[in-house]
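Student: Structure for the following, please:
(one chain, ligands or ions: 1)
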Amino acid sequence: MNQPATPALPVRIQQLSKHFGSLRAVEDVSFDIRAGEFLTLLGPSGSGKTTLLMMIAGFSRPTRGSIRIADQEIVHLPPHKRNIGMVFQNYALFPHMSVGENIAYPLRLRKRGRAEIEERVRHVLDLVQLGGYQDRKVSQLSGGQRQRIALARAIVFEPRILLMDEPLSALDKQLRETMQIEIRKLHDRLGMTTISVTHDQREALTMSDRIAVFSHGRLAQIASPTDLYEKPANRFIAAFIGESAFLPLTATDHGLAYAGRPIETADGPRPAAGKALLMLRPERLKIAEADPAGLPEGGNAFPGQVVTVVFQGDSLLFEVRLDGGDTVFARLPNRAEDLRRLPQAGARVTLSLDRADARIVQAED
Ligand code: ATP
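Tutor: Down below sits the predicted model:
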């Protein structure tokens, strides 16, 4: 199974919609998933992610639009004819069956021979690091082990596509983070085209080749984790991926400004003034005690006062009230020797931002 019998296949979603009465759960969504790609559908609750995944799986019929695997239209095929593996949020394992019987189930449905079934079950249990667990009862397994068994059952028949609906949401934080990396490694070994749904942005950033962000049933942006983080298309995405504050900018004769001070950016075209916001990521801001001689003349300097300093173990979070009236956060890595020399609550400070880190985003309409 390290060399999949079926090569990875691309998926093409075109003008796909799903309406429930007047509710547009998914509206006119089009995008391509590359062969072998790990794509995550990300968005807030109710944004249409699960509905989209269920249409790909075949459990929900689109109102209109097309879903193709390679060049084959699958919209009219029932789920079992799509050759898609699926991991559900609650795992949907059969509690009365052993681990081995659960994993063998899709192979039995496909009428595979006994020797092949035994061999594949053994192999896939090794892949999910539960070798030797065939005879255990599902009820005797921990949450993390159940998750692995659900994954094993989804991939045992070498499906063309693997779908996962919030696969890790039932696990605690630490196990979730370990499993994110394990599933990603398994994906890389098997090379299977994978589509996963989550509302956890960190999980999406950790696991995906690309992330498709949804808002109100529509595709808001599809991009690699780094592009999404560095170049979010608008304020909604910037706020949803990572932490950020937004400063309202005004247009002056010399360009954009915040509180009368110039903003310098490295990137190209800017949205119309009045709608422009400066996105500030806490880890990109620099913080220095205000120079008594006055502020530097250059751009991207924000005078203000420290409200609180929060110790977070690996970092320190400074809440700063800017003279322009907005509150922003700056994060510094914790380098123990610096602690006492850093500004304290009440201190006058200047925050600054490299030109390369100054990103303008559009306010939503
Ligand atoms: P969550 O993260 O909470 O699961 P989601 O992004 O997966 O959210 P969906 O479950 O796809 O969102 O739901 C999208 C919208 O469609 C929601 O407003 C939901 O209430 C509605 N919806 C989903 N399924 C049905 C249904 N069978 N009948 C009516 N409305 C539905």
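Student: Give the buried residues for the longest helix anywhere in the chain.
Tutor: Using DSSP state H, we find that the single longest helix of the chain is helix 173-190. Buried residues in helix 173-190, counting neighbours by 16 or more other C-beta atoms under 10 Å, are found at 175-176, 179-180, 182-184, 186-187, 190. Placement of C-beta: from N, CA and C, glycine included.
Student: can you check stretch 227-245 too?
Tutor: Those would be 228-242, 244-245, for stretch 227-245 by 16+ other C-beta under 10 Å.
Student: for stretch 28-40, same thing?
Tutor: Across stretch 28-40, burial judged by 16+ other C-beta under 10 Å covers 29, 33, 36-40.
Student: now do stretch 322-335
Tutor: 322, 324, 326, 328-332.
Student: tell me the helices in the stretch 201-350 of the chain, going along the chain?
Tutor: Under the criterion DSSP state H, counting those that start in this stretch, helices of the stretch 201-350 of the chain are mapped to 201-207, 225-230, 235-240.
Student: For the buried residues of stretch 322-335, give me TSV that also has pLDDT and distance to Pro106.
Tutor: Converted to TSV, these look like this (pLDDT from 0 to 100; distance: C-beta to C-beta, whole Å):
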residue	pLDDT	distance to Pro106
Leu322	96	58
Gly324	93	59
Asp326	97	55
Val328	97	52
Phe329	97	48
Ala330	97	51
Arg331	96	46
Leu332	93	51
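Student: Can you flag which of the residues you listed belong to strands?
Tutor: 322, 328-332 (DSSP state E).
Student: tell me which of these is nearest to the ligand?
Tutor: Proximity of those to the ligand (C-beta to the nearest ligand atom) peaks at Phe329, which lies at 26.7 Å.
Student: Hmm, Ala245 and that closest one touching each other?
Tutor: Yes - look at Phe329 against Ala245 with C-beta atoms under 8 Å: they come within range, at 6.4 Å.
Student: Which parts of the stretch 251-365 of the chain are strands?
Tutor: 255-258, 261-262, 276-280, 286-289, 301-311, 315-322, 327-333, 348-352, 359-362 (DSSP state E, counting those that start in this stretch).
Student: What residues sit buried inside stretch 61-69?
Tutor: For stretch 61-69, by 16+ other C-beta under 10 Å, it's 62, 65, 67-69.
Student: Any part of that stretch near the ligand?
Tutor: No - shown here: stretch 61-69 not in contact with the ligand (C-beta under 6 Å from any ligand atom), separated by at least 11.2 Å.
Student: Give me the contacts around stretch 310-322.
Tutor: With C-beta atoms under 8 Å, 6 or more residues apart in numbering as the test, stretch 310-322 has contacts from 247, 259, 282-283, 287, 302-309, 327-334, 339, 342-343, 349, 351.
Student: how far is that stretch from where the chain is centred?
Tutor: 25 Å (C-alpha atoms, centre = their mean, to the nearest Å).
Student: and Gly21, backbone torsions?
Tutor: phi 60, psi -120 (degrees, to the nearest 10).
Student: count of residues packed around it?
Tutor: Other residues lying near Gly21 total 5 when counted by other C-beta atoms under 10 Å.
Student: mind checking how far it is from Thr63?
Tutor: To Thr63, Gly21 is 11 Å away according to C-beta to C-beta, to the nearest Å.
Student: got it, and Val328?
Tutor: 43 Å.
Student: ditto for Ser47
Tutor: Per C-beta to C-beta, Ser47 is found 17 Å from Thr63.
Student: Quick check: which of the strands of the stretch 251-365 of the chain is buried the most?
Tutor: strand 276-280 (a mean of 23; mean count of other C-beta atoms under 10 Å).
Student: quick one: it to chain centroid distance?
Tutor: Worked out by C-alpha atoms, centre = their mean, strand 276-280 lies 22 Å from the chain centre.
Student: That strand packs against which elements?
Tutor: Counting contacts by 3 or more C-beta pairs under 8 Å, 6 or more residues apart in numbering; DSSP states H and E, strand 276-280 packs against helix 235-240, strand 245-248, strand 255-258, strand 359-362.
Student: Now tabulate the ones you listed in CSV and tack on distance to the ligand and mean pLDDT.
Tutor: Shown next, in CSV, are the helices and strands packed on strand 276-280 (distance: least, C-beta to the nearest ligand atom, whole Å; pLDDT from 0 to 100):
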stretch, distance to the ligand, mean pLDDT
helix 235-240, 12, 90
strand 245-248, 24, 94
strand 255-258, 35, 88
strand 359-362, 23, 88
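Student: Please report the number of neighbouring residues for the closest residue in space to Gly65 that isn't next to it in sequence.
Tutor: Distances taken as C-beta to C-beta, 6 or more residues apart in numbering place Leu16 nearest to Gly65, at 3.4 Å, with adjacent residues excluded. Using other C-beta under 10 Å, Leu16 has 24 neighbouring residues.
Student: in its sheet, what does the helix or strand hosting Leu16 sit against?
Tutor: Applying DSSP states H and E as the criterion places Leu16 in strand 11-20. Strand pairing for strand 11-20, using DSSP bridges, gives strand 23-33 (antiparallel), strand 64-69 (antiparallel).
Student: can you redo these as a markdown table with mean pLDDT?
Tutor: Below are the strands paired with strand 11-20 laid out as a markdown table (pLDDT from 0 to 100):
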| stretch | mean pLDDT |
| --- | --- |
| strand 23-33 | 97 |
| strand 64-69 | 97 |
